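Trainee: Give me a 3D structure for the following:
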Amino acid sequence: MTNPPARQVHPELAEIFEALPPSADPYEDIEGTREGFRAMLAAHPADRTGVRSERFDIPRADGSALTVEVYRPDVASSPGEPLPAVLHFHGGGYAIGRSLPGQDRAAIALCRQLPAVAIAVEYRLAPEHRYPAGLEDCYLALEWTARRADALGIDPERIAVTGKSAGGGLSAAVALMARDHGGPALAYQSLCVPDLDDRVGAEAATEQPGADSAQESAAGPEPDSRVSSPRSVQAVWEHYLPEGVKADAYAAPSRATDLSGLPPAYVLVCDLDPLRDAGLAYARRLMDAGVAVTVRNVPGAWHGFELYAPDTRVAREMTAHWTGQLRTALYPAAAEQEVE
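Mentor: As a prediction, this is how the structure comes out:
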């Protein structure tokens, strides 16, 4: 098999890409990695204008507690009617990425822009807590949200899940669990650069969805040293799955054999991301199963590029598109009026 040609970095991102420092192994000192991430967040606090939040502890079956933070528009900006709810599962390879209290930027943005009640879920992290611990927490948060719909001021018919990278994989898995377990009905699943397939970077190299984009990203300008690569994707799965345990459909939604009956979906991928083709394949399979799907590819962009280039046009357009699609899904009547 010949390697496909290298894809080009988006012109607006080229200079930023060239300035990226070499990446380090986050698992070599996972606590140090998390502390560095927290320090970065503390140095750049989120703008909470128009948003307030409250933290809740949800009891697990073993007596421990799952913490969620519920963000909502200020009373002055709220219409008084029940709002849709969006559960946000953060990214970070299932091992990092948790925001500081009151500082979940994605939840704040969704709360303000949709508007919606956004629930940030502080699920257990690998490798200390391997699959299915984090997923169980995310599903528990969904059940808790639906149960407390009245108290939270949300419309139980308009609950969505969203997340980037690992958070996108968790969102897809929660949608599968809700369907299979007769759980709370979801109105939408927004999967942004989702990590869906443990085979990317392993046997995926020859036969599984994700093989093409894994090879193409490796053919680009020094991706292994600066951005997500097939090897770094595989490292995520090595630390997420219990040793010796093969992924099932809830760990890696791409392994699900039946995608029918799932909520409408949005799938966002990036051109230079080794996760790209697995995401596109999952979107196609959703369509084939009769699920309404919107797909967006960001040309010339790598996994997580918006963290380094938030003010670029390509990053703003990407964010506006996925949040706009989520708004349309949760406010269908308003969308119909705009069309008219």
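
Trainee: Please count neighbours and contacts with C-alpha atoms only from this point.
Mentor: OK.

Trainee: can you dump the C-alpha coordinates of stretch 295-315 into PDB?
Mentor: What follows is stretch 295-315, C-alpha atoms only, in PDB (Å, rounded to 0.1, in the frame of the first residue of the first chain):
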ATOM      1  CA  VAL A 295     -21.100  16.500   9.200                       C
ATOM      2  CA  ARG A 296     -18.400  19.200   9.200                       C
ATOM      3  CA  ASN A 297     -14.800  18.800   8.200                       C
ATOM      4  CA  VAL A 298     -12.300  21.600   9.000                       C
ATOM      5  CA  PRO A 299      -9.700  21.700   6.100                       C
ATOM      6  CA  GLY A 300      -6.100  21.900   7.000                       C
ATOM      7  CA  ALA A 301      -6.700  21.800  10.800                       C
ATOM      8  CA  TRP A 302      -5.300  19.400  13.400                       C
ATOM      9  CA  HIS A 303      -6.800  17.900  16.500                       C
ATOM     10  CA  GLY A 304      -7.300  20.700  19.100                       C
ATOM     11  CA  PHE A 305      -6.000  23.400  16.800                       C
ATOM     12  CA  GLU A 306      -8.500  25.900  18.300                       C
ATOM     13  CA  LEU A 307      -6.700  25.800  21.600                       C
ATOM     14  CA  TYR A 308      -3.700  27.400  19.900                       C
ATOM     15  CA  ALA A 309      -5.500  29.600  17.500                       C
ATOM     16  CA  PRO A 310      -8.800  30.600  19.100                       C
ATOM     17  CA  ASP A 311      -9.000  34.000  17.300                       C
ATOM     18  CA  THR A 312      -8.500  32.700  13.800                       C
ATOM     19  CA  ARG A 313     -11.300  32.800  11.400                       C
ATOM     20  CA  VAL A 314     -11.200  29.100  10.800                       C
ATOM     21  CA  ALA A 315     -11.600  28.500  14.600                       C
END
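
Trainee: What average pLDDT does that stretch get?
Mentor: When the per-residue pLDDT values of stretch 295-315 are averaged, the result is 96.

Trainee: Same question for that stretch: list its buried residues.
Mentor: Buried residues in stretch 295-315, counted by 16 or more other Cα atoms under 10 Å: 295-296, 298-306, 309, 314-315.

Trainee: Distance to residue 25 added to those residues, as TSV?
Mentor: Supplementary listing: these in TSV, determined by distance: Cα to Cα, whole Å:
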residue	distance to residue 25
295	31
296	30
298	26
299	27
300	24
301	22
302	18
303	16
304	16
305	18
306	21
309	22
314	28
315	26
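
Trainee: contact partners of the longest helix seen in the chain?
Mentor: When secondary structure is assigned using DSSP state H, the longest helix within the chain turns out to be helix 313-330. Contacts made with helix 313-330 from outside it, assessed by Cα atoms under 8 Å, 6 or more residues apart in numbering, are listed as 12, 84, 110, 114-115, 158-160, 187-188, 190, 192, 266, 268, 298, 305-306, 309-310, 334-335.
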